[in-house]
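J.: Have a look; sequence and predicted model below, questions after that.
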Amino acid sequence: MSAAEAGGVFRRARGRTLDAFPSEKEREWKGPFYFIQGADPQFGLMKAWSTGDSDSGGDEWGQEIRLTEQAVQAINKLKPKPRFFVLCGDLIHAMPGVTAVFSGHYHRNAGGTYQNLDMVVSSAIGCQLGQDTHGLRVVVVTAKKIVHRYYSLDELSEKGIEDDLMGLMKEK
């Protein structure tokens, strides 16, 4: 399955919703629980490694999609259900050519550049440790550049994504 074909697999989940905040009963400690942590589905890496071309070759995602689906199926069969699932690490195979790394955990906006690699730290949705507002970062990726902008939750809800960023998504 190619990367382009894989897009249909993931679109099936659109339109599903989850309450953003836990109910009152979820806020109180009720005893032990467990969660699942997965890492590095890295779509495209298996083909790249099998062909010996780790610098590219990431255009086939079939093996990784099957394994990721197997992981989801295994998690869905668990009883009792885990409290949540977190996926860390590389989601797609993209080396070289990485020009920006996005992270959080600092609870404020920050960043810098080192040897043409941008490090972008997004502030928190939750507790703020600096002057930034609760928010999200919108990242637009085109063939030529990566443009990102931090929005407060209120601003994003009320105004949406600004026209200049939306215009970038129309580029071919």
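T.: Okay, I see it.
J.: Strands along the protein, start to end?
T.: 36-39, 85-88, 100-103, 110-114, 117-121, 135-141, 146-152 (DSSP state E).
J.: In a markdown table: the ones you listed, plus distance to Glu158, mean neighbour count and mean pLDDT.
T.: C-beta here means a position set from N, CA and C on the backbone, and glycine is covered the same way. Shown next, in a markdown table, are these (distance: least, CB to CB, whole Å; neighbours: other CB atoms under 10 Å; pLDDT from 0 to 100):
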| stretch | distance to Glu158 | mean neighbour count | mean pLDDT |
| --- | --- | --- | --- |
| strand 36-39 | 35 | 12 | 88 |
| strand 85-88 | 30 | 12 | 84 |
| strand 100-103 | 24 | 13 | 87 |
| strand 110-114 | 26 | 11 | 93 |
| strand 117-121 | 24 | 15 | 91 |
| strand 135-141 | 12 | 16 | 92 |
| strand 146-152 | 9 | 16 | 94 |
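J.: closest to Asp164 out of the ones you listed?
T.: With distances scored as CB to CB, the stretch of those nearest to Asp164 is strand 146-152 (8.2 Å).
J.: Just the C-alphas of that closest one, formatted as PDB.
T.: Presented in PDB, the C-alpha positions along strand 146-152 are these (Å, rounded to 0.1, in the frame of the first residue of the first chain):
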ATOM      1  CA  ILE A 146       6.900  24.500   6.900                       C
ATOM      2  CA  VAL A 147       4.900  27.400   8.400                       C
ATOM      3  CA  HIS A 148       3.500  27.200  11.900                       C
ATOM      4  CA  ARG A 149       1.500  29.500  14.200                       C
ATOM      5  CA  TYR A 150       0.300  29.200  17.800                       C
ATOM      6  CA  TYR A 151      -3.300  30.000  18.400                       C
ATOM      7  CA  SER A 152      -5.100  30.400  21.700                       C
END
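J.: relative to strand 135-141, how tilted is that strand?
T.: Interaxial angle, strand 146-152 versus strand 135-141 (axes from the mean of the first three to the mean of the last three CA atoms, to 10 degrees): 160 degrees.
J.: Report all helices and strands that strand 146-152 contacts.
T.: Contact partners of strand 146-152 among helices and strands, from 3 or more CB pairs under 8 Å, 6 or more residues apart in numbering; DSSP states H and E: strand 100-103, strand 135-141, helix 163-168.
J.: Dump the ones you listed into TSV; add distance to Gly44 as well.
T.: What follows is the helices and strands packed on strand 146-152, written out as TSV (distance: least, CB to CB, whole Å):
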stretch	distance to Gly44
strand 100-103	18
strand 135-141	16
helix 163-168	24
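J.: Turn the strands of the chain into a markdown table, including distance to Glu171.
T.: Output for the strands of the chain, formatted as a markdown table (distance: least, CB to CB, whole Å):
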| stretch | distance to Glu171 |
| --- | --- |
| strand 36-39 | 33 |
| strand 85-88 | 29 |
| strand 100-103 | 18 |
| strand 110-114 | 23 |
| strand 117-121 | 20 |
| strand 135-141 | 9 |
| strand 146-152 | 11 |
